[in-house]
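1. Structure for this input, please:
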Amino acid sequence: MKRLTALLVVLLSLFGLAADLITETVTIKGSNTFGEELAPNLIAAYRKLHSEILVDLESKGTATGFAALLDGNCEIAAASRPINEDELRLAHSRGITLDDYVIGYYGVAVIVNETNTVRALTDTQVRDIFTGTIRNWKALGGPDAPIHLYIRDAVSGTHLGFQELAMSSRPYATDAKPLKSYAEIADAVGPDPLGVGYVGINLTSRAKVLAVSINRILPTAVSVNDSSYPYARQLRLYVNHDKVSPAAREFIRFVQSSNGQRLLDQIGFVRRTETRVWPPQ
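-> Numbering: from 1, shown residues only. The predicted structure follows:
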């Protein structure tokens, strides 16, 4: 019993010590495209360098991030779209000046098996494939055979992201097979001559799969950055110019640094090409 009591005292002491080491909390709210996979990895890497900073993340959509930032309930709003006129008007009415910083891009490539003769699609054809309106490769100039669809599972932000980008927010075909990651989709399309799916641009070099062009444009870092490729979104972090803390500034600096941008690459996002890093290092 004495040993147990002593152990509890030690654990409580350590817990108190750990709590004392946390000197500041940075709250980020907004885009689930940012928050689903990218943000947790960025936060984990950031806290390895700044263990004294706690980063609190909530991902319920870009609009919720703007609302929280304008209400003073977060320091950073993560957005996968620019601020709209209503949000900007509200900021002006409250005397709030917003600064925004590009951190990268969410880009999605449509892939087929390397033996597939269909190498180019229009955005309308992609929409009709994934909604189930087109169900046979023959309608696209390919073989007379059924299309096998592979998509992200419904709990992922990228499931919704592709639906919004490529499908006019229409429902997926009922026979589409949901998978837990982009890597699983690439692994499914690789051995399936009739398969089609979507992945992060970094996975288009996987063996046995090919990225198709969309409206004659291939998914590359260049076409994503210059906005010519249709299935991409710019990711930004917004802050209140007058109320951003040093810790929030440091987090943004980390995300824009070479280490942060390397993480974007690894997870399947496209890194930013702007040379400006904020705040200056």
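
2. Any idea how many residues pack against residue 71?
-> When neighbours are defined as other C-beta atoms under 10 Å, residue 71 has 10 of them. For the C-beta atoms, the positions are set from N, CA and C on the backbone; glycine is no exception.

3. nope, residue 167 is what I meant
-> Every residue meeting other C-beta under 10 Å relative to residue 167 is counted, giving 18.

4. Please name the residues that touch it.
-> For residue 167, the set of contacting residues under the criterion of C-beta atoms under 8 Å, 6 or more residues apart in numbering consists of 126-127, 130-131.

5. Of the residues you listed, which is the most crowded?
-> Taking other C-beta under 10 Å as the neighbour criterion, residue 130 ranks highest of those with 25 neighbours.

6. ok, the residue lying closest to that residue once chain neighbours are set aside to residue 189 distance?
-> If you skip the residues right next to it in sequence, residue 130 has residue 167 as its closest partner in space, 5.5 Å away by C-beta to C-beta, 6 or more residues apart in numbering. In this structure, residue 167 and residue 189 are 18 Å apart, going by C-beta to C-beta, to the nearest Å.

7. again, but for residue 132
-> Remark: distance between residue 132 and residue 189 (C-beta to C-beta) = 18 Å.

8. Tell me which of these two has more neighbours.
-> For residue 132 versus residue 189, the count of surrounding residues by other C-beta under 10 Å is larger for residue 189: 28 against 16.

9. Could you give the backbone dihedrals for the residue nearest to the more buried one when sequence neighbours are not counted?
-> The shortest distance from residue 189 to any non-neighbouring residue, by C-beta to C-beta, 6+ apart, is to residue 195 (4.0 Å). Backbone geometry at residue 195, expressed as degrees, to the nearest 10, gives phi -90, psi 150.

10. tell me the helices in the stretch 151-281 of the chain, going along the chain?
-> Chain-ordered helices for the stretch 151-281 of the chain, with DSSP state H, counting those that start in this stretch as the definition, fall at 157-166, 182-189, 221-225, 246-256, 258-267.

11. go on, the stretch 1-150 of the chain?
-> Shown for the stretch 1-150 of the chain, the helices assigned by DSSP H, counting those that start in this stretch span residues 2-21, 32-35, 38-49, 62-71, 85-93, 123-131.

12. Which of the ones you listed comes out lowest on mean pLDDT?
-> Ranked by mean pLDDT, the helices of the stretch 1-150 of the chain bottom out at helix 2-21, with a mean of 46.

13. Would you mind listing where the stretch 151-281 of the chain has pLDDT under the threshold?
-> 274-281 (pLDDT under 70).

14. one step back: which one of the helices of the stretch 151-281 of the chain is the most hemmed in?
-> helix 182-189 (a mean of 22; mean count of other C-beta atoms under 10 Å).

15. Contacts for it, please.
-> Contacting residues not belonging to helix 182-189 are listed as 111-113, 150-152, 158, 177, 179, 195-200, 203, 206, 208-209, 268 [C-beta under 8 Å, 6+ apart].

16. swap the cut-off to 7 Å and go again
-> By C-beta atoms under 7 Å, 6 or more residues apart in numbering, the surrounding residues in contact with helix 182-189 are 111-113, 150, 179, 195-200, 203, 206, 209, 268.

17. Great, nothing more from me.
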